[in-house]
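Novice: predicted coordinates and the sequence they were generated for:
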Amino acid sequence: VVVRRDTKEKTTCSCDTLLDTLKTMLSDMQQDLFNAARERMNARTYTVDSYEEYRERVEEGGFFRVFLDVDNPEVEAKLQEDTRSTVRCIPFDRPDEEGPCMITGKPCRGRVIASQSY
């Protein structure tokens with residue numbers, strides 16, 4: 001009998017099939033954990049268009065898709081000083097959209113993910 005740690009599901013298998021059963025179970029567990037983490041992340045990621053809204057909502061926690069001039073160190077310094085948050089991720093696959101930096105108003109290509117540390 002083999003028991004999954006994440007679901008407590010029990011599976012009976014013979015000694016001959018144990019290795020294949022374990023490989024399949026571990027692969028399934030990894031995929032299930034990854035999917036659950038992705039769902040939690042997506043549920044806690046919000047799109048924000050103004051600095052005022054960002055400042056109000058960042059205290060509640062979560063991640064925020066924002067337009068931010070990440071090439072300007074002064075912008076990141078102001079973000080950290082005002083909100084105790086930083087850019088957490090510049091997605092490789094971000095959509096080709098443009099918008100004004102929420103701090104300076106300068107045009108930016110693509111949104112980044114910003115958040116406070118916990």
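Specialist: In hand now; what should we look at?
Novice: quick one: the helices in the protein?
Specialist: With DSSP state H as the criterion, the chain has helices at 18-43, 51-57, 73-83.
Novice: with mean pLDDT, distance to Val66 and mean neighbour count added, can I get these in a markdown table?
Specialist: All C-beta spots, glycine's among them, are computed from the backbone N, C-alpha and C. Listed next are the helices of the chain as a markdown table, based on pLDDT from 0 to 100; distance: least, C-beta to C-beta, whole Å; neighbours: other C-beta atoms under 10 Å:
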| stretch | mean pLDDT | distance to Val66 | mean neighbour count |
| --- | --- | --- | --- |
| helix 18-43 | 96 | 16 | 11 |
| helix 51-57 | 96 | 6 | 15 |
| helix 73-83 | 95 | 9 | 14 |
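Novice: could you dump these into a markdown table and include distance to Glu97?
Specialist: Listed next are those as a markdown table, based on distance: least, C-beta to C-beta, whole Å:
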| stretch | distance to Glu97 |
| --- | --- |
| helix 18-43 | 18 |
| helix 51-57 | 17 |
| helix 73-83 | 18 |
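Novice: can you tell which of the ones you listed is closest to Cys89?
Specialist: Nearest to Cys89, of all the helices of the chain, is helix 18-43, at 10.4 Å by C-beta to C-beta.
Novice: any idea how far the closest one is from the middle of the chain?
Specialist: A distance of 18 Å separates the centroid of the chain from that of helix 18-43, by C-alpha atoms, centre = their mean, to the nearest Å.
Novice: give the other helices and strands that that helix contacts.
Specialist: strand 2-3 (3 or more C-beta pairs under 8 Å, 6 or more residues apart in numbering; DSSP states H and E).
Novice: elements contacting the strand it packs on?
Specialist: strand 10-11, helix 18-43.
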